[in-house]
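In: Pasted the sequence and its predicted model underneath.
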Amino acid sequence: MSTGFKQPSLDGSGNPSSVEEKQGKINEVRRLIRPQPDLANYCSDECISRYLRARNWNVKKAVKMLKTSLKWRSEFKPEEIRWEDVAQEAETGKIYRTSYKDKYGRPVLVMRPRCQNSKSIKGQIKYLVYCMEKAISNLSHDQEQMVWLIDFHGFSLSNISVKVTRETAYVLQEQYPERLGIAILYDPPKIFEPFWMIAKPFLEPKTADKVKFVYSDDPNSSKILNELFNMELVESAFGGKDDSGFDISRYAERMKADDEKQTSLWRANNNLVASALPPAISTSSLNATNSESESDDSYAKVDKSSSPRYKEEEEEKEAVADKAPLS
C-alpha cells in the first residue's frame with residue numbers, strides 16, 4: 001500500500017533513475033509551464049512530481065496535463081469556493097471530511113450516495129472540489145494523498161448518475177492526479193455491480209486498482225479497515241465505535257474555520273513564490289478549451305482527452321515525437 005510519496009522505480013518505463021534526473025524533469029516542466037503568479041503556489045516541486053508520475057515521468061505529457069489543470073483552476077477557481085457557496089449541497093452529509101485520519105496520516109472523505117440531495121451536476125461537482133481542496137489543505141507535510149470511504153447502506157440506483165460519475169472521474173484524475181490513496185466501497189449491494197461495470201472504464205487502470213470492495217460479513221475484506229484505521233474513531237456504519245453521527249452545525253463551523261486558514265495560507269504562499277518567478281505567460285496561451293457553459297448539461301460534458309481509450313491513441317501518435325529532444 002502506498003503511504004505517500006514513492007521513489008521512482010527503475011523498471012525502464014520512463015521513471016528517472018536518480019534524484020538528479022527527477023529534479024531535472026521537474027525543472028523542465030516548470031520552465032515550459034511558467035505559471036502566472038496567482039497560480040504559482042500550485043506549481044510546487046511536489047505538485048509537478050504528481051503530474052509527472054501520472055504520466056509515467058513523460059515531460060511532454062505532464063506539461064500538457066498541467067497546462068490543462070492550470071487553465072481549469074484559473075476558470076473554476078477552486079481555492080475561492082467557500083462554505084456558503086456549497087452549504088446546501090452539504091447539509092445531508094453526503095460528503096464530509098472526518099475529524100480523524102488513517103494510520104498513515106491521510107485525511108478521510110466519507111461519502112454516502114443515499115444522502116444525495118441535488119440534481120445539479122454543477123453543484124455536486126463544486127461541492128466535491130470544495131471537499132478535495134479542504135482535504136488537501138489538511139494534509140501533513142509528509143503526506144499528499146487522501147482516503148475515500150464510501151458507505152453504501154441504503155443505496156439505490158436513483159442515488160447516482162452516470163454523468164456525475166464520469167465528471168467525478170475526470171476531476172479526480174485530471175485535476176487532482178495522485179491525490180487518491182485508496183477508495184473503500186463499503187457493503188455495495190448486488191445492484192451496484194452493473195453500474196460499476198459502466199463506471200470502471202472512466203477510470204485509468206492505476207486509479208481503478210485503488211478501489212477496494214469491503215463487506216461487513218467478510219472477515220478477509222474487513223481486515224482492510226483494521227489495517228488502515230483506529231476503529232475506535234471510525235463511524236459505526238463502517239464497523240467502528242463512533243456512533244455520534246453527522247452534525248451539520250458542528251461541521252459547518254469546522255469548514256468555516258478551514259476557509260479562514262486556507263485563505264491566509266494561499267495568499268502568503270502565493271506572495272512568497274510569485275516574487276521568485278520569471279515573467280508569466282498569460283492564461284490565453286495555455287492549451288485552450290472552450291469556456292464552461294452555465295448549464296449543467298454543458299458542465300457535464302467531458303473532454304474526450306480524459307478517456308483512457310483516447311489517451312492510448314494519443315500516446316501512439318506521440319511515440320515518435322517523444323523521441324525527439326524538447327525544444
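Out: Good, I have the coordinates.
In: what's the neighbour count on the nearest residue to residue 93 once chain neighbours are set aside?
Out: Leaving aside its sequence neighbours, residue 93 sits nearest to residue 246 (CB to CB, 6 or more residues apart in numbering; 3.6 Å). Just so you know, the C-beta spots here come from the backbone N, C-alpha and C atoms, and that holds for glycine as well. By other CB atoms under 10 Å, 18 other residues sit near residue 246.
In: which stretches of the stretch 101-250 of the chain form helices?
Out: 121-137, 162-170, 192-199, 205-208, 219-228, 248-274 (DSSP state H, counting those that start in this stretch).
In: Nearest to residue 67 among the ones you listed would be which one?
Out: Evaluated over the helices of the stretch 101-250 of the chain, closeness to residue 67 peaks at helix 162-170, with 16.0 Å, by CB to CB.
In: could you redo the helices of the stretch 101-250 of the chain as TSV and give each row distance to residue 185 and mean neighbour count?
Out: Converted to TSV, the helices of the stretch 101-250 of the chain look like this (distance: least, CB to CB, whole Å; neighbours: other CB atoms under 10 Å):
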stretch	distance to residue 185	mean neighbour count
helix 121-137	17	20
helix 162-170	13	19
helix 192-199	8	13
helix 205-208	12	14
helix 219-228	10	14
helix 248-274	23	14
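In: What separation do you get for the residue nearest to residue 93 and residue 197?
Out: 30 Å (CB to CB, to the nearest Å).
In: what does residue 184 give?
Out: To residue 197, residue 184 is 19 Å away according to CB to CB.
In: do the same with residue 44
Out: 38 Å.
In: again, but for residue 33
Out: From residue 33 over to residue 197 the distance is 37 Å, taken as CB to CB.
In: cool, residue 34 as well?
Out: 43 Å.
In: Point out where the chain drops to low pLDDT.
Out: 1-14, 265-327 (pLDDT under 70).
In: quick check: domain ranges of it?
Out: Listed domain ranges for the chain are 19-76, 93-259 (source: the TED database).
In: deepest of those, which one?
Out: domain 19-76 (a mean of 18; mean count of other CB atoms under 10 Å).
In: How far does that one sit from its chain's centre?
Out: Here the centre of domain 19-76 is set off from its chain's centre by 15 Å, with CA atoms, centre = their mean, to the nearest Å.
In: So for it, first residue to last residue, what's the gap.
Out: 34 Å (CA to CA, to the nearest Å).
In: Could you do stretch 90-101 as well?
Out: For stretch 90-101, the first and last residues are 20 Å from each other (CA to CA).
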